[in-house]
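In: Give me the fold of what follows.
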Amino acid sequence: MRKWMLLSVIPALVLASFPHECSADTMFRKLGRGGINVLLGGTEVVYQPYVQGNEDGFLGAIAEGIPRGVFMAIARIGIGAYEILTFPFPLPDNYGPILMPEFPVPRESQGLS
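Out: Got it, this is the predicted structure:
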């Protein structure tokens, strides 16, 4: 019994001693980013007019914010689906994001930076 326990602990210790990947972009982050973009990509229709309204006022929100929001929602949902389908492959550039900011509502606008 002790022998089996020791044999099961040794590989875990050996694997834990290897250095971890320093990059924050991994295949599972890519999968999560794709899922978030598919689920929350539609929030761009509300978020973009809000941002544009803060910069240019009400008319800017209507004239530029709504079309930008619709375009960004379609783009975010499409790119999210692409990232879900290709998450096991390091495309592009080691699982890096295609669209910046990588999530629909950036952390800075949430007061979480």
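In: Next, L91: phi, psi?
Out: Main-chain dihedrals, L91, degrees, to the nearest 10: phi -120, psi 140.
In: and it, how many neighbours?
Out: 14 (other CB atoms under 10 Å). Bear in mind the C-beta positions are built from the backbone N, C-alpha and C, glycine included.
In: do the same with F58
Out: 11.
In: What of A61?
Out: 20.
In: The closest residue to it other than its chain neighbours: which element?
Out: What sits nearest to A61 in space, not counting adjacent residues and going by CB to CB, 6 or more residues apart in numbering, is G53, at 3.3 Å. Assigned by DSSP states H and E, G53 belongs to helix 44-60.
In: Mind listing what's buried along that helix?
Out: Within helix 44-60, the residues scored as buried using 16 or more other CB atoms under 10 Å are 44-45, 47-49, 51-53.
In: quick one: that helix to chain centroid distance?
Out: From the chain centre to the centre of helix 44-60 is a distance of 23 Å (CA atoms, centre = their mean, to the nearest Å).
In: Show me which residues of the following helix or strand past that helix are buried.
Out: Per DSSP H and E, the first helix or strand lying C-terminal to helix 44-60 is helix 66-85. By neighbour count on 16+ other CB under 10 Å, the buried set for helix 66-85 is 68-69, 72-73, 76-77, 79-80, 83-84.
In: export the residues you listed to a markdown table and tack on distance to K30 and pLDDT?
Out: Listed next are those as a markdown table, based on distance: CB to CB, whole Å; pLDDT from 0 to 100:
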| residue | distance to K30 | pLDDT |
| --- | --- | --- |
| R68 | 25 | 95 |
| G69 | 24 | 95 |
| M72 | 19 | 95 |
| A73 | 20 | 97 |
| R76 | 14 | 96 |
| I77 | 16 | 97 |
| I79 | 11 | 96 |
| G80 | 10 | 96 |
| E83 | 5 | 95 |
| I84 | 9 | 95 |
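In: quick one: contacts for the closest residue to A75 other than its chain neighbours?
Out: Distances taken as CB to CB, 6+ apart put L99 closest to A75, at 6.7 Å, once the chain neighbours are dropped. L99 sits next to 37, 75-76, 79 when contact means CB atoms under 8 Å, 6 or more residues apart in numbering.
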